[in-house]
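Enquirer: could you work out the structure for the sequence below:
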Amino acid sequence: MEEVVQTKNSNERKPGLAKAIVAVSLFFASFALVFVVMLALMVLYIIVNPDAAEADIIAAMPEWTSYLPFIILTPILLPMYFKTLIADTKRLTKKNVLTIVLMSILILVIGIASTLLFGALDYSITNQEAIYETFRHTLFISMFAIVIGAPLVEELVFRKAFDRLIKNQTLFVILSSVIFALMHFSGFATIIYFFGGLIFVATYIKTDRNVMASIIVHFINNLVGFLMLLFGISFI
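Expert: Take a look at the predicted model:
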């Protein structure tokens, strides 16, 4: 009887594990695709304009390429995890909502404090400057990618999928936060993204591994960041 139960549990885990592997693989493959596309475009531009300066080459790159992973992955991961998202939405409790509110306030306070600090130090936040330049020319694509695509895709990958793949919770917390931060590399400011990743993973764990909770916190953070960028204010 015990052997039957163990076999059943193992079979139940397999679909979720396979889905997690696919999600993580697609995520990194999409960023590899962006790198290849950008490299190919740069080479083509240099061939056509052999005397072009480095700044001109970078400026000539299409703005939409930075959002390509979220444009590709949102319509793929949403159907894959649709039942999970619906189930997690239904099981949100009042305690979960309170956690979402507190975590949202915490990450916004950290973001605002960091923005003020780096502003006072006259520190250039590379990732945010690149986003702002892209944002100015592709408003609706930027809004979709920043406010909807990024929270959905990154939480399903870094929280839901990573949780499935990494059994040790401490390792899961560290890796999901570190890799999340490295994907938003901005020099010294990358550490702020690490703390952001910690807040998202803490929200996920505190709400009994409810990915909708971490998606909502991520959504609120990105929405505030988007609105601040709309008014030309850099926000981490």
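Enquirer: CA only for contacts and neighbour counts going forward, please
Expert: Noted.
Enquirer: and the strand or helix carrying L17, how far from the chain's centre?
Expert: L17 is part of helix 2-48 when elements are defined by DSSP states H and E. How far helix 2-48 lies from its chain's middle: 15 Å, per CA atoms, centre = their mean, to the nearest Å.
Enquirer: what sits up against the helix or strand following it?
Expert: Later in the chain than helix 2-48, the nearest helix or strand by DSSP H and E is helix 54-60. Residues outside helix 54-60 that contact it (CA atoms under 8 Å, 6 or more residues apart in numbering): 42, 45-46.
Enquirer: and L229, what pLDDT?
Expert: At L229, the model reports a pLDDT of 76.
Enquirer: how close does it get to L39?
Expert: Per CA to CA, to the nearest Å, L229 is found 27 Å from L39.
Enquirer: which of these two has more neighbours?
Expert: Taking other CA atoms under 10 Å, L229 and L39 do not tie; L229 has more neighbours (19 against 13).
Enquirer: list the buried residues for the host helix or strand of that one?
Expert: Assigned by DSSP H and E, L229 falls within helix 211-230. By 16 or more other CA atoms under 10 Å, the buried positions in helix 211-230 come out as 211-223, 225-226, 229.
Enquirer: check stretch 157-169 too.
Expert: With burial defined by 16+ other CA under 10 Å, the residues of stretch 157-169 counted as buried are 157-164.
Enquirer: make CSV from the residues you listed and add distance to L98 and secondary structure to it.
Expert: Below are the buried residues of stretch 157-169 laid out as CSV (distance: CA to CA, whole Å; DSSP: H, G, I helix; E, B strand; the rest coil):
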residue, distance to L98, secondary structure
V157, 24, helix
F158, 22, helix
R159, 20, helix
K160, 21, helix
A161, 25, helix
F162, 25, helix
D163, 23, helix
R164, 26, helix
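Enquirer: re the thing from before, what's the mean pLDDT across the helix holding L17?
Expert: 77.
Enquirer: begin at 54 from now on, thanks
Expert: Let's use 54 as the start, then, which means that last one is helix 55-101.
Enquirer: that one - contacts with which helices or strands?
Expert: helix 107-113, helix 121-133, helix 215-218 (3 or more CA pairs under 8 Å, 6 or more residues apart in numbering; DSSP states H and E).
Enquirer: and those helices: which comes nearest L170?
Expert: For L170, the closest of those is helix 107-113, at 27.6 Å, according to CA to CA.
Enquirer: I'd like the average pLDDT over the closest one.
Expert: Here the average pLDDT along helix 107-113 is 72.
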